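Colleague: Output the structure for:
(chains A and B)
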Amino acid sequence: MPDLSIRPFAAALCLAVPSCGIAQSLSDITPFDPEVMHRTARYCERHWNEIYDDPRLSELCVGSFVCGDGGCETGTVIAVVARSREEEMRALLARLPVEDMTPCDPGDPYERQYVDPLGGDGAPFGFNGQTEKLEGREVVPYCGKTLPGYEADVVVALRQMGGDDIAAIRRGIGAGAMPAQLRLTAPQFAAIRDAGALPLRAPLVAALETATGLPCETTARQTCAVTAERGRLKARLLFPDGALTGRAGHWEEAYLELYPTNPSGDLYELSVDMPITAIRRWPGDRRKPVDGFQSLDRDAGFAAFRQGLMSAVSDALEDGRIGGE
Amino acid sequence: MYQRSARALFALLVVIVHVAFVSFCAVYLQSRITKIETYVSTIAVFLPVFGIYVGVVVKSVGLGKGPRGRKVSGLFLALMSILFVAYVAGNGFVLWSYETGFIGSEDLLPAAVSLVESAFGGFFTTLFLTLFGQGQDAERD
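Modeller: Alright, predicted model coming up:
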């Protein structure tokens, strides 16, 4: 390999410049191929009970994952790498759509289980059949975040680079833990993912303006900001006098994230996550409040509001404005 | 007679101002407090002092003959007036702070109101009792 000598320098540069990881390109990603992903993933998931005895596993399941009842989580990737190839992997990561990928933190409640992947009572969940090849070697576990929709591609790229020196997986989530979902076709998924969620912006803004009856803009009287950021469409909303759910006399705040998800090989969805819903009773003709909000969980009014937005996005998906020809 | 009328007027004034103030707060806070629990407890913090005034005034002024009460100096009345103004200003400051965002959370309101009530309301109420209720008892003994 002629460029081998450059890699340590690239890795050292990445360590010194934190923003290095942000400057990814997609040139190292295998072009999106729903057919291959569909076939290999389905094969492996159907036979996941026999998976551990199958010697052809590493070839057959190169693009697939067994995450659990809830499917695979969006944006997370775990890789266990032999120390001898750690620098090489870091150099590759710098060129992948990865937000950050660092050695797993023992203080983090979720990352803790991966800190010692070869010790204890067997491999951590998801690593069964993956880490045997690394037994007896010095390894470093990496926990990372990818841009949404690129988890499978990052894992495949790592597995292809590492061979027997890297075990890479996606992380699972429990059943029923996911936010609201819209079904996507493979071309719609690819269109949304590859454009960094930007195609969703226009339909969402139009839906917000219809729902609130107000222009979507940030002024002294309201906040309505919709941005495509790192593969996710993020909307921050603060409206007076019940414009979102109809609670008269209340200011209402919501934070939404829309991103493509790929919970299993052949399933493509659009997650509509709404982690912040809060209200504050305050006169609508005053300056917008910044604090003192009471957060609401599983509120029917906000659920209906989100459903309305999802309905508008569904219209845009149906009539081909997103991912259509 | 003159002194008794002055006392009655002062007592009525204090009660009327307090009733008006609590009523205003009830309406004002109704459009500004999200949780009903916080609303109720904020109003409730006003009420002990309010209840003492009403009780004392009804007892002192409402009776036909009425108490003569203890003789009080101008300094005493001036002190009472200052405390009363401080009490009203303190509560006004709490509401103004809430309106302008200095008190950012409604959860702080009951504590802030009770701070003013304890600092000025308690002191003021003690003097108020001296002026009316306690004086009567003292003379009977």
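
Colleague: Up against chain B, what does the stretch 151-300 of chain A have?
Modeller: For the stretch 151-300 of chain A, the residues in contact with chain B (C-beta under 8 Å from any C-beta of the partner chain) are A:249-250, A:279-283, A:289-294. Bear in mind the C-beta positions are built from the backbone N, C-alpha and C, glycine included.

Colleague: at 7 Å instead, please
Modeller: The stretch 151-300 of chain A comes close to chain B at residues A:249, A:279, A:280, A:281, A:282, A:283, A:291, A:292, A:294, as judged by C-beta under 7 Å from any C-beta of the partner chain.

Colleague: Tell me which two of those sit farthest apart.
Modeller: Spatial extent of these (C-beta to C-beta) is set by the pair A:249 and A:291 at 18.1 Å.

Colleague: Disregarding residues adjacent in the polypeptide, which is nearest to residue B:86?
Modeller: With C-beta to C-beta, 6 or more residues apart in numbering or on different chains as the criterion, residue B:86 has its nearest non-adjacent residue at 4.8 Å, and that residue is residue B:120.

Colleague: Residue A:249 and residue A:291: who's more crowded?
Modeller: A direct count of neighbours by other C-beta atoms under 10 Å in any protein chain shown for residue A:249 and residue A:291 places residue A:249 higher, at 17 against 8.

Colleague: correct me, but that one touches residue B:31?
Modeller: Yes: here residue A:249 reaches residue B:31: they are 5.9 Å apart, a contact under C-beta atoms under 7 Å.

Colleague: Show me the shaky parts of chain A.
Modeller: A:1-71, A:121-123, A:125-126, A:128-129, A:173-178, A:325 (pLDDT under 70).

Colleague: where exactly do the strands run in it?
Modeller: Applying DSSP state E to chain A gives strands spanning A:72-82, A:98-103, A:139-146, A:166-172, A:180-183, A:223-229, A:232-239, A:250-264, A:267-281, A:294-295.

Colleague: circling back: any idea how far residue B:73 is from the residue nearest to residue B:86?
Modeller: To residue B:73, residue B:120 is 21 Å away according to C-beta to C-beta, to the nearest Å.

Colleague: what is the orientation angle of the top helix by length along chain B with strand A:267-281?
Modeller: Identified as the longest helix of chain B according to DSSP state H is helix B:2-30. Put simply, helix B:2-30 runs at 170 degrees to strand A:267-281, going by axes from the mean of the first three to the mean of the last three C-alpha atoms, to 10 degrees.

Colleague: Give me the distance from helix B:2-30 to the chain's centre.
Modeller: 8 Å (C-alpha atoms, centre = their mean, to the nearest Å).

Colleague: could you say what helices and strands it packs with?
Modeller: Counting contacts by 3 or more C-beta pairs under 7 Å, 6 or more residues apart in numbering or on different chains; DSSP states H and E, helix B:2-30 is packed against helix B:36-61, helix B:74-100.

Colleague: Export those to JSON lines and append columns for mean pLDDT.
Modeller: Formatted as JSON lines, these follow (pLDDT from 0 to 100):
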{"stretch": "helix B:36-61", "mean pLDDT": "81"}
{"stretch": "helix B:74-100", "mean pLDDT": "86"}
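
Colleague: Show me which residues of chain B sit near chain A.
Modeller: By C-beta under 7 Å from any C-beta, the residues of chain B that approach chain A are B:31, B:32, B:33, B:34, B:35, B:104, B:105, B:106.

Colleague: can you rerun that using 8 Å?
Modeller: Checking chain B against chain A by C-beta under 8 Å from any C-beta, the hits are B:31, B:32, B:33, B:34, B:35, B:101, B:104, B:105, B:106.

Colleague: Just want to know which of residue B:120 and residue B:73 has more residues nearby.
Modeller: Taking neighbours as other C-beta under 10 Å, residue B:120 and residue B:73 compare with residue B:120 leading, 21 against 8.

Colleague: In contact with that one: list those residues for me.
Modeller: Shown in contact with residue B:120 (C-beta atoms under 8 Å, 6 or more residues apart in numbering or on different chains): B:83, B:86, B:87, B:90.

Colleague: rewinding a little: which one of the residues of chain B next to chain A sits in the busiest neighbourhood?
Modeller: Counting neighbours by other C-beta under 10 Å, residue B:33 leads those with 24 neighbours.

Colleague: ok, the closest residue to that residue other than its chain neighbours - contacts?
Modeller: Using C-beta to C-beta, 6+ apart and skipping residues adjacent in sequence, the residue nearest residue B:33 is residue B:39, 4.3 Å away. Residue B:39 sits next to B:29, B:30, B:33 when contact means C-beta under 8 Å, 6+ apart.

Colleague: Need those in CSV (columns: pLDDT).
Modeller: Formatted as CSV, the contacts of residue B:39 follow (pLDDT from 0 to 100):
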residue, pLDDT
B:29, 91
B:30, 91
B:33, 93
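
Colleague: Let me know the closest of those residues to residue A:114.
Modeller: The nearest member of these to residue A:114, counting by C-beta to C-beta, is residue B:33 at 46.3 Å.

Colleague: quick one: the closest one and residue B:42 touch, right?
Modeller: Yes: using C-beta atoms under 8 Å, residue B:33 is in contact with residue B:42, at 6.9 Å.

Colleague: joint contacts of these two?
Modeller: Common neighbours of residue B:33 and residue B:42 (criterion: C-beta under 8 Å, 6+ apart): residue B:109.

Colleague: How many residues are close by residue A:127?
Modeller: When neighbours are defined as other C-beta under 10 Å, residue A:127 has 21 of them.

Colleague: Quick check, it in contact with residue A:117.
Modeller: Yes: in this structure residue A:127 lies within contact range of residue A:117 using C-beta under 8 Å: 5.9 Å.

Colleague: show me what contacts residue A:249?
Modeller: For residue A:249, counting by C-beta under 8 Å, 6+ apart, the contacting residues are A:241, A:242, A:281, A:282, A:283, A:284, B:31.

Colleague: Now restrict these to buried residues only.
Modeller: Using 16 or more other C-beta atoms under 10 Å in any protein chain shown as the burial test, these include A:241, A:242, A:281, A:282, A:284 as buried.

Colleague: Could you pull up the contacting residues of the last one?
Modeller: Taking C-beta under 8 Å, 6+ apart as the criterion, residue A:284 is in contact with A:240, A:241, A:249, A:251.

Colleague: Same check on the third one?
Modeller: If a contact means C-beta under 8 Å, 6+ apart, then residue A:281 has A:249, A:250, A:251, B:31, B:32, B:33, B:34 as its contacts.

Colleague: same check, this time on the second one
Modeller: By C-beta under 8 Å, 6+ apart, residue A:242 lies in contact with A:248, A:249, A:250, A:252.
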